[in-house]
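Student: Requesting a structural model of the entry that follows:
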Amino acid sequence: MIRRASILLLSLAAFVSAACQESGNLTLDEALRLGRERSHPLRASQARTEGALARADEARSALLPSLKVDASYRRLSDVPPFSVALPFPGFTPIVISPMIPDNYQLHASVQQPLFTGSRLTNLARAARLQAEASGQDTRNDESDLVLSVTNAYWALYQARELKGAAEENVSRLENFERDTKNLLDAGMATRNDLLRIQVQLQSGRLALIDAANDFQIAGMNLNTLIGRPVDAPVTPASQPDTSVREPAAPPSVERALGERPDVAAMQARVEASQASLDAARGSYFPQIVLSANYTYAKPNQRYLPALNQWKDTWDLGVLVQLDVWNWGATSSQTEQAGAALRANMEMLEQARQAASLDVQRSDLALRRSASRISVARLGVSQAEENVRIISEKYRAGLATSSELLDASVALLQAKTSYTGALAEEETARARLARALGTLH
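Tutor: Predicted coordinates for the structure are as follows:
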């Protein structure tokens with residue numbers, strides 16, 4: 001019974017989630033999940049990492065024994081057989097090696113490097129480190145995607161709230177227009193007051209159109225990032241955290257340097273460059289390879305005289321090869337590897353400095369946005385109270401239309417500022433997590 005109830009609840013949750021997505025209501029977590037699943041740049045980055053892993057496996061395979069097998073058939077043209085004529089009359093020449101036109105051969109060869117001056121070992125290590133760097137690049141691309149989707153999501157939230165504030169402003173101005181008409185009929189307002197409010201009302205309606213367009217564009221931007229149809233309806237279902245929090249301790253820059261994928265990728269590339277340099281230096285040493293061969297042929301060339309029979313033979317040997325003179329190719333390769341190592345070391349230091357600046361700048365931005373929320377929230381409360389008081393005074397003929405409109409504009413600006421502060425804090429928190437290397 002409990003199992004059936006659990007299955008029913010899970011099915012209901014899946015149905016509700018699918019229904020919410022179909023209707024366009026998306027939480028931030030759902031948007032991030034869709035972005036990870038459908039992002040074309042992220043898929044391309046993952047494919048590059050898979051290719052780098054395959055190259056690392058290829059480089060490592062050079063250290064292991066290689067087995068090659070081949071088979072061949074050849075039809076030879078007719079030639080006289082190798083024979084010896086005896087110096088006696090009436091004796092038939094003795095055939096030493098007959099003519100065998102059909103030649104078959106099966107050949108297997110095994111080779112195992114014994115000593116390469118650590119060249120193959122370092123090449124495999126360099127390829128493995130390059131694959132590790134590519135994996136860190138993919139992790140970095142995923143963090144960038146998460147940050148982009150987060151920014152787009154809260155931009156959509158901000159656009160929706162601004163659209164709502166614009167709608168409230170239009171509704172409020174329409175009420176002002178009705179009140180002014182009543183006051184005009186009672187002789188307590190002038191036609192100029194009514195025209196001033198009507199002009200402001202038309203401006204508010206135009207602002208509402210702009211806000212609606214901004215909301216639609218923000219939705220299209222988010223849909224593009226998460227792989228949904230561009231014109232699909234989307235509405236943010238998540239709400240920003242409005243709780244008052246104590247300022248956090250300053251983040252650790254050193255910890256960020258150990259967590260950030262871009263720094264880790266450059267560190268791996270520096271180590272890969274060092275391995276490539278060691279591999280280039282390995283070419284100064286002799287290359288020693290153990291080889292073994294097995295041949296099964298008809299006829300087998302090692303059998304004399306040739307026999308039209310299947311015969312097998314084998315051989316085992318050691319090959320030693322040393323480049324005595326190659327016109328400086330080895331030294332040039334070593335210099336290239338050394339230059340690449342120095343360049344990557346400089347880029348690593350640059351990445352560390354950029355990461356340190358990013359962490360501190362993101363932390364300051366988050367602290368500022370948190371302080372801005374408190375001020376903006378207080379500003380909304382004050383503006384709402386001011387509109388309420390001025391509206392009552394205006395209905396009583398104790399306030400002018402200019403004061404009324406100024407209070408309305410101040411309320412719209414306060415709500416705009418408050419919404420922007422909430423969205424800014426959420427994106428600032430995501431940027432700080434990205435700077436610390438913890439945004440996944």
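Student: CA atoms for contacts and neighbours, from now on please.
Tutor: Fine.
Student: need the next SSE after the helix or strand encompassing residue 36, C-terminal direction.
Tutor: Assigned by DSSP states H and E, residue 36 belongs to helix 28-38. Moving toward the C-terminus from helix 28-38, the next helix or strand (DSSP H and E) is helix 40-61.
Student: In that following helix, which residues are buried?
Tutor: Residues of helix 40-61 classed as buried by neighbour count (16 or more other CA atoms under 10 Å): 42-43, 45-46, 48-49, 52-53, 55-56, 59-60.
Student: If I take the helix or strand containing residue 177 and helix 40-61, what angle do their directions form?
Tutor: For residue 177, the element it lies in under DSSP H and E is helix 119-185. Calculated by axes from the mean of the first three to the mean of the last three CA atoms, to 10 degrees, helix 119-185 forms an angle of 170 degrees with helix 40-61.
Student: As TSV, the buried residues of helix 40-61 with distance to residue 403 would be great.
Tutor: TSV is the format used below for the buried residues of helix 40-61 (distance: CA to CA, whole Å):
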residue	distance to residue 403
42	54
43	57
45	58
46	60
48	63
49	63
52	68
53	69
55	73
56	73
59	78
60	79
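Student: Closest one of the residues you listed to residue 181?
Tutor: Nearest to residue 181 out of the buried residues of helix 40-61 is residue 42 (CA to CA; 59.4 Å).
Student: isn't that closest one right next to residue 144, touching?
Tutor: No - assessed by CA atoms under 8 Å, residue 42 is found out of contact with residue 144, at 9.5 Å.
Student: okay, now residue 78: neighbour count?
Tutor: Look at residue 78: counted by other CA atoms under 10 Å, it has 9 neighbours.
Student: for residue 169, same thing?
Tutor: Residue 169: 21 neighbours (other CA under 10 Å).
Student: What of residue 365?
Tutor: When counting by other CA under 10 Å, one arrives at 19 neighbours for residue 365.
Student: what about it, is that helix, strand or coil?
Tutor: Residue 365 carries the three-state label helix when classified by DSSP: H, G, I helix; E, B strand; the rest coil.
Student: Quick one, grab the pLDDT at the residue nearest the centre of the chain.
Tutor: Centroid-nearest residue in the chain: residue 141, 2.3 Å away (criterion: CA atoms, centre = their mean). Residue 141 is assigned a pLDDT of 96 by the prediction.
Student: which non-adjacent residue is nearest it?
Tutor: Taking CA to CA, 6 or more residues apart in numbering, and ignoring the residues beside it in sequence, residue 141 has residue 42 as its nearest neighbour in space, at 6.4 Å.
Student: How about the contacts made by that neighbour?
Tutor: The contact partners of residue 42, taken as CA atoms under 8 Å, 6 or more residues apart in numbering, are 36, 138, 141-142, 145.
Student: From residue 135, how far off is it?
Tutor: 12 Å (CA to CA, to the nearest Å).
Student: Show me the shaky parts of the stretch 51-200 of the chain.
Tutor: Along the stretch 51-200 of the chain, the parts satisfying pLDDT under 70 run over 90.
Student: pretty sure residue 369 contacts residue 424?
Tutor: Yes - assessed by CA under 8 Å, residue 369 is found in contact with residue 424 at 6.3 Å.
Student: returning to that earlier point: could you point out the helix or strand that follows the helix holding residue 177?
Tutor: Next along from helix 119-185, by DSSP H and E: helix 191-226.
Student: And the residue lying closest to residue 104 once chain neighbours are set aside, which helix or strand is it part of?
Tutor: Sequence neighbours aside, residue 73 is the residue nearest to residue 104 in space, at 4.7 Å (criterion: CA to CA, 6+ apart). Assigned by DSSP H and E, residue 73 belongs to strand 66-75.
Student: residues in contact with that strand?
Tutor: By CA under 8 Å, 6+ apart, strand 66-75 touches 101-112.
Student: Name all residues that make contact with the closest residue to residue 211 other than its chain neighbours.
Tutor: Leaving aside its chain neighbours, residue 211 sits nearest to residue 163 (4.9 Å; criterion: CA to CA, 6+ apart). Shown in contact with residue 163 (CA under 8 Å, 6+ apart): 208, 211-212, 215.
Student: Please apply the same query to residue 240.
Tutor: 422-423, 426 are the contacts of residue 240 under CA under 8 Å, 6+ apart.
Student: ok, 7 Å please
Tutor: Each residue near residue 240 by CA atoms under 7 Å, 6 or more residues apart in numbering is listed here: 422, 426.
Student: Distance check, it against residue 158.
Tutor: Look at residue 240 and residue 158: by CA to CA, they are 10 Å apart.
Student: One more: residue 92?
Tutor: Using CA to CA, residue 92 is found at 109 Å from residue 158.
Student: again with residue 35
Tutor: From residue 35 to residue 158 the distance is 20 Å (CA to CA).
Student: quick revisit: which one's more surrounded, residue 92 and residue 158?
Tutor: residue 158 (24 against 11).
Student: what sits against that one?
Tutor: Residue 158 neighbours (CA under 7 Å, 6+ apart): 419-420, 423.
Student: Would you mind measuring from residue 281 to residue 338?
Tutor: For residue 281, the distance to residue 338 - CA to CA - is 10 Å.
Student: For the stretch 251-400 of the chain, give me the ranges with low pLDDT.
Tutor: By pLDDT under 70, the stretch 251-400 of the chain has no low-scoring segment.
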